[in-house]
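In: sequence unavailable; structure follows:
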């Protein structure tokens, strides 16, 4: 699974999780750091990314637009980049199952 990390997450995560999530990227690395949520949504859908964000914007788009792209909503509140990397690493099997579930568009991680 390749992830597209939203602006509210550090681009450093891409390197920290590359062994489990190859071909992942960050919106800033794709020149989308000032793009609207809808533009990011469309790029994710066109390029087979799963969006990862800490805010509810993409959660709401899943509700109104459906999926793909699938969305992983990080619900940790204030936390470090290391804590987010640890969460994505420790929940790898759940994320893999989510990717394969054709009936699910949103995965909340805490």
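Out: Perfect, I can see it now. Quantities reported herein were computed from a predicted structural model and do not represent experimental measurements.

In: how about the helices in this protein?
Out: 12-16, 37-47, 57-65, 81-90, 92-100 (DSSP state H).

In: what sits up against stretch 30-38?
Out: 4, 7, 27, 39-40, 43, 57-58, 61 (Cβ atoms under 8 Å, 6 or more residues apart in numbering). All C-beta spots, glycine's among them, are computed from the backbone N, C-alpha and C.

In: likewise for stretch 8-26?
Out: Contacts with stretch 8-26, where a contact means Cβ under 8 Å, 6+ apart, come from 1-5, 28-29, 49, 52-55, 74, 81-82, 84-85, 88-89, 92.

In: of the helices of the chain, which is nearest residue 108?
Out: Nearest to residue 108 among those is helix 57-65; the distance by Cβ to Cβ comes to 8.1 Å.

In: packing partners for the closest one?
Out: When contacts are defined as 3 or more Cβ pairs under 8 Å, 6 or more residues apart in numbering; DSSP states H and E, helix 57-65 sits against helix 37-47, strand 71-74.

In: ranking those by burial, who's on top?
Out: Ranked by mean neighbour count, the helices and strands packed on helix 57-65 are led by strand 71-74 with a mean of 24 (mean count of other Cβ atoms under 10 Å).

In: parallel or antiparallel, which strands does it pair with?
Out: strand 50-53 (parallel), strand 106-109 (parallel) (DSSP bridges).

In: what comes up buried for the worst-scoring helix or strand of the chain on mean pLDDT?
Out: None of the helices or strands of the chain scores lower by mean pLDDT, DSSP states H and E than helix 57-65, at a mean of 93. By neighbour count on 16 or more other Cβ atoms under 10 Å, the buried set for helix 57-65 is 57-59, 61-62.
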